[in-house]
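J.: Let's see this in three dimensions:
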Amino acid sequence: MFNDRLIQSLRDAQHLVILTGAGVSAESGIPTFRDAMTGLWARYDPQQLASESGFRADPALVWGWYEWRRAKVMNSSPNPAHRTIAQYQQMVPKLTLITQNVDDLHERAGSQSVIHLHGSLHTAHCIACATPFALNATPTSLSESKLVEPPRCPACGDYIRPGVVWFGESLPLDSWHAAEAAAQHCDVLMSIGTSALVYPAASLPLVALNAGAKIIQLNPDKTNLDAKAHFNLHGKAGDLLPALLQAVYAQ
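T.: Numbers count the residues shown, from 1 in each chain. The predicted model follows:
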């Protein structure tokens, strides 16, 4: 089923980097952003719900929408792709897991030290002074259109905002530097369920490629990375990854 060179590349890997995108969480029922029919941006204006200006214009709409997304994540479960990636961490000398997803499904599947490039739905902080804020264990909205007034910062009184990266904002520097360093020093990088369109995350496979690493892509659809990857596996990550793990580590 799998190319012998692909299997050997993974068997020989000393530092494996795995980069995951929305396609991995979509297999757990988490809506993606770019799907033509069901994607979140097909139904909502990104600038209204994923920018500081949109939040300032209608904080109750934005806060309620993110609380709805947090509730959806909390009601979802890790899928076979998440669980297999956690297994990989036990099999290779070093694995760095980098995700563009803002859920905690990798952690719930057992993965450790996940690098979150785009922040997390499960964190929050003040929009003005950046003071961290502990979210309620139970989200305050189960509807994507319910208006929910955001909490106020106990330090300065301004609004608390979701701990995700919005349009026009930089990635968390510590996370980005760690991800870039891993890409520069790995010998294999697997890009799983990502469109290869969102920069700077989409540059990480190219960083690894330029440093001499083998690039493996798993995605149901073709992407801009197809022409550059050493191996392209087209299909669902939840189907491909368990079979690949079995092939690589079969005795």
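
J.: Just the element for Pro154, please.
T.: Take DSSP states H and E as the rule and Pro154 turns out to sit in neither a helix nor a strand.

J.: What is the burial count for it?
T.: A count of nearby residues for Pro154, using other Cβ atoms under 10 Å, gives 10. Using the backbone N, CA and C atoms, a C-beta is placed for each residue, glycine as well.

J.: ok, Pro56 - how many residues close by?
T.: For residue 56 the amino acid is Arg, not Pro. Arg56: 12 neighbours (other Cβ under 10 Å).

J.: gap between it and Cys153?
T.: Using Cβ to Cβ, to the nearest Å, Arg56 is found at 14 Å from Cys153.

J.: cool, and Gln217?
T.: Distance of Gln217 to Cys153, computed by Cβ to Cβ: 42 Å.

J.: swap in Arg161?
T.: 10 Å.

J.: coming back round to it: and Gln217 and Cys153? which has more neighbours close in?
T.: Set Gln217 next to Cys153 and count neighbours by other Cβ under 10 Å: Gln217 wins out with 24 against 21.

J.: Geometrically speaking, which residue is the centre of the chain?
T.: For the chain, the residue sitting closest to the mean C-alpha position, by Cα atoms, centre = their mean, is Asn101 at 2.2 Å.

J.: so where does it fall, helix or strand?
T.: Per DSSP H and E: nothing holds Asn101, as it lies in no helix or strand.

J.: lowest-confidence helix or strand of this protein?
T.: helix 40-43 (a mean of 57; mean pLDDT, DSSP states H and E).

J.: What's the first helix or strand after that helix?
T.: Remark: after helix 40-43, the chain's next helix or strand is helix 46-49, criterion DSSP H and E.

J.: who touches the residue nearest to the centre of the chain in this structure?
T.: Applying Cβ atoms under 8 Å, 6 or more residues apart in numbering, we find Asn101 in contact with 20-22, 24-25, 30, 116, 118.

J.: Please apply the same query to Ala71.
T.: Counting by Cβ under 8 Å, 6+ apart, Ala71 makes contact with 139, 141-142.

J.: try Ala201
T.: By Cβ under 8 Å, 6+ apart, the contact set of Ala201 is 19, 21, 98, 100, 117-118, 171, 179, 194.

J.: pretty sure Cys186 contacts Ala213?
T.: Yes. Cys186 is within contact range of Ala213, at 5.2 Å (criterion: Cβ atoms under 8 Å).

J.: intersection of neighbour lists for the two?
T.: With Cβ under 8 Å, 6+ apart as the test, Cys186 and Ala213 both reach Val17.

J.: returning to what we had before: just to be sure, which of the contacts of Asn101 are found in helices?
T.: Of those, the ones assigned to helices by DSSP state H are 22, 24-25.

J.: could you say what helices and strands the strand of greatest length in the chain packs with?
T.: In the chain, assigned by DSSP state E, the strand with the most residues is strand 119-126. When contacts are defined as 3 or more Cβ pairs under 8 Å, 6 or more residues apart in numbering; DSSP states H and E, strand 119-126 packs onto helix 59-74, strand 132-133, strand 160-164.
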